[in-house]
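Peer 1: Just a sequence and a predicted model for now, questions to come.
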Amino acid sequence: MSAREWIGKDFYRELGVSSDATADEIKKAYRKLARENHPDANPGNDEAEKKFKAVSEAYGVLSDAGKRKEYDEARRLFGSGGAGGFGFPGGGGAGGFDLGDLFGQQAGAGQQGGFGGLGDILGGLFGRRGGGAAANRAQRGSDVETDVRIDFTEAVKGATLPLRLSSPATCGTCGGNGAKPGTTPRTCPTCSGAGLVSRSQGAFAFSEPCRDCRGRGQIIDDPCPECGGEGISTRTRTLTVRIPAGVDDNQRIRLAGQGEPGRGGAPAGDLYVRVHVSPHPVFGRSGNDLTITVPVSFPELAIGGTITVPTLESKVSLKVPAGTASGRVLRVRGKGITKRDGTQGDLLVTLQVAVPSRLDDEEKSALETFAKAAADHDPRPEITQMLKDRS
């Protein structure tokens, strides 16, 4: 995409956020719109596909701090609006006047004050540095983020999952050059590949994007039928993602070079996979330790005994000492989560007395007999003493 097309769009409006939105607000808005308009969720819906491409393009600029800074500078200098409203030909701005030519020459007399960085900013927007240089700047591809959901056992043991993505990628038909297979782009004869045409009027130099090549420096006579000459198309691809053992809920996994393709030979961005772990009906987790709450009867705690508890893979027997209080935690060594670095957690078993909701006559009689036998045993001596002191 040329500089004219790039800054002629309102990326904030595409994502429905304000120009001072935080990075998290931009990401949240993008993820919501991407889910709503994803091609997989809207098969055959051309409008949804166009919206998906538009929000992906907007996020690619606004999620990159460097690109967003240049974009915001352009909006501030030329004013926001549609195409032609940033001082390009056909707009109501500077009418094609190139401030980079006026202020970008730091060697000029009296020009080194507050304008030295302005030429650099405009040079970055137009793919050049200084006045008249003609080079398409290589630009690293944007990072991409997606979400996967796995169950609790997969998070503990690790898993290999297929991941299906629809995202911008280098066009597979033209290899990214935008030309129909069997043809190649040619250097624009009007601007000689500079992407800009300049003219002088008195003491001032005027530059504007070349109309013939739209500022690209190259002309594609036969555009690629898949990407329409852009070199990038939305493709659906399947990746194999290895989820490491012990992954935490909401943790991100980085896949280097699997993001959006770079431009001008620059490397691709990265893909970040955010993992969401579904809760287990029995087990919980605390760091590398697995946790489980086991109901026990009052006699098992009072008299002691042996209970059997499950692990993720099998079962273990635990000895409950006589006189164990409800809520006590017993530790089973080495039955927790084992991570790739070899660290191993334990299984933490919390004993919780189970109180029956109903008693038959025999059970009630037995408990009444026990209560009489234990009448001299006060289970709450501190509270009893406090009540006596206040009476």
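Peer 2: Thanks, I have the structure now. Numbering: from 1, shown residues only.
Peer 1: give the contact list for the spatially most central residue of the chain.
Peer 2: With distances taken as C-alpha atoms, centre = their mean, residue 145 lies nearest the centre of the chain, 3.6 Å away. Applying C-beta atoms under 8 Å, 6 or more residues apart in numbering, we find residue 145 in contact with 27, 31, 252, 271, 272, 273, 274. Bear in mind the C-beta positions are built from the backbone N, C-alpha and C, glycine included.
Peer 1: Would you agree residue 73 falls within a helix?
Peer 2: Yes. Counting by DSSP: H, G, I helix; E, B strand; the rest coil, residue 73 is part of a helix.
Peer 1: That one and residue 67: what is the separation?
Peer 2: Between residue 73 and residue 67 the distance is 11 Å, computed by C-beta to C-beta, to the nearest Å.
Peer 1: Quick check: buried residues in the helix or strand hosting residue 25?
Peer 2: Assigning secondary structure by DSSP states H and E places residue 25 in helix 23-37. Neighbour-count burial for helix 23-37, counted by 16 or more other C-beta atoms under 10 Å, picks out 26, 27, 29, 30, 31, 33, 34, 37.
Peer 1: What mean pLDDT does whichever helix or strand comes after it get?
Peer 2: Downstream of helix 23-37, the first helix or strand assigned by DSSP H and E is helix 46-62. The average pLDDT within helix 46-62 is 85.
Peer 1: relative orientation of helix 46-62 and helix 23-37 in degrees?
Peer 2: Between helix 46-62 and helix 23-37, the angle comes out at 160 degrees (axes from the mean of the first three to the mean of the last three C-alpha atoms, to 10 degrees).
Peer 1: centre of the chain versus helix 46-62, how much separation?
Peer 2: Computed by C-alpha atoms, centre = their mean, to the nearest Å, the chain-centroid distance of helix 46-62 equals 16 Å.
Peer 1: Packing partners of that helix?
Peer 2: Using 3 or more C-beta pairs under 8 Å, 6 or more residues apart in numbering; DSSP states H and E, the elements in contact with helix 46-62 are helix 11-15, helix 23-37, helix 65-78, strand 159-170, strand 232-243.
Peer 1: List the contacts of it.
Peer 2: Residues outside helix 46-62 that contact it (C-beta under 8 Å, 6+ apart): 1, 6, 9, 11-12, 14-15, 26-27, 30, 33-34, 36-39, 41-42, 67-68, 71, 142, 166-168, 234, 260.
Peer 1: And stretch 210-221, what's buried?
Peer 2: 210, 213, 214, 215, 216, 217, 218, 219, 220.
Peer 1: Now find how far off-centre that stretch is within its chain.
Peer 2: 35 Å.
Peer 1: oh, and call the first residue 896 from now on, that's how I've got it
Peer 2: Got it, the first residue is 896 from now on, which makes the last one we talked about stretch 1105-1116.
Peer 1: end to end, how far does it reach?
Peer 2: Using C-alpha to C-alpha, to the nearest Å, the end-to-end distance of stretch 1105-1116 comes to 16 Å.
Peer 1: just stretch 1236-1245 next, same as before
Peer 2: 28 Å.
Peer 1: ok now it, how far from the chain's centre?
Peer 2: The chain centre lies 30 Å from the centre of stretch 1236-1245; the measure is C-alpha atoms, centre = their mean.
Peer 1: Could you pull up the mean pLDDT of it?
Peer 2: The pLDDT scores in stretch 1236-1245 average 89.
Peer 1: hmm, who's touching that stretch?
Peer 2: Residues outside stretch 1236-1245 that contact it (C-beta under 8 Å, 6+ apart) are 1181-1189, 1204, 1206, 1211, 1213, 1222-1233.
Peer 1: Contact partners for residue 1081?
Peer 2: 1113, 1114, 1116 are the contacts of residue 1081 under C-beta under 8 Å, 6+ apart.
Peer 1: What spatial separation is found between it and residue 1073?
Peer 2: Using C-beta to C-beta, residue 1081 is found at 12 Å from residue 1073.
Peer 1: Now the common contact residues for the two.
Peer 2: With C-beta under 8 Å, 6+ apart applied, the contact sets of residue 1081 and residue 1073 do not overlap.
Peer 1: quick revisit: okay, the buried residues of helix 918-932 in JSON lines with pLDDT and distance to residue 1245 next?
Peer 2: Listed next are these as JSON lines, based on pLDDT from 0 to 100; distance: C-beta to C-beta, whole Å:
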{"residue": "921", "pLDDT": "90", "distance to residue 1245": "43"}
{"residue": "922", "pLDDT": "88", "distance to residue 1245": "38"}
{"residue": "924", "pLDDT": "90", "distance to residue 1245": "42"}
{"residue": "925", "pLDDT": "89", "distance to residue 1245": "42"}
{"residue": "926", "pLDDT": "87", "distance to residue 1245": "37"}
{"residue": "928", "pLDDT": "90", "distance to residue 1245": "44"}
{"residue": "929", "pLDDT": "85", "distance to residue 1245": "42"}
{"residue": "932", "pLDDT": "86", "distance to residue 1245": "46"}
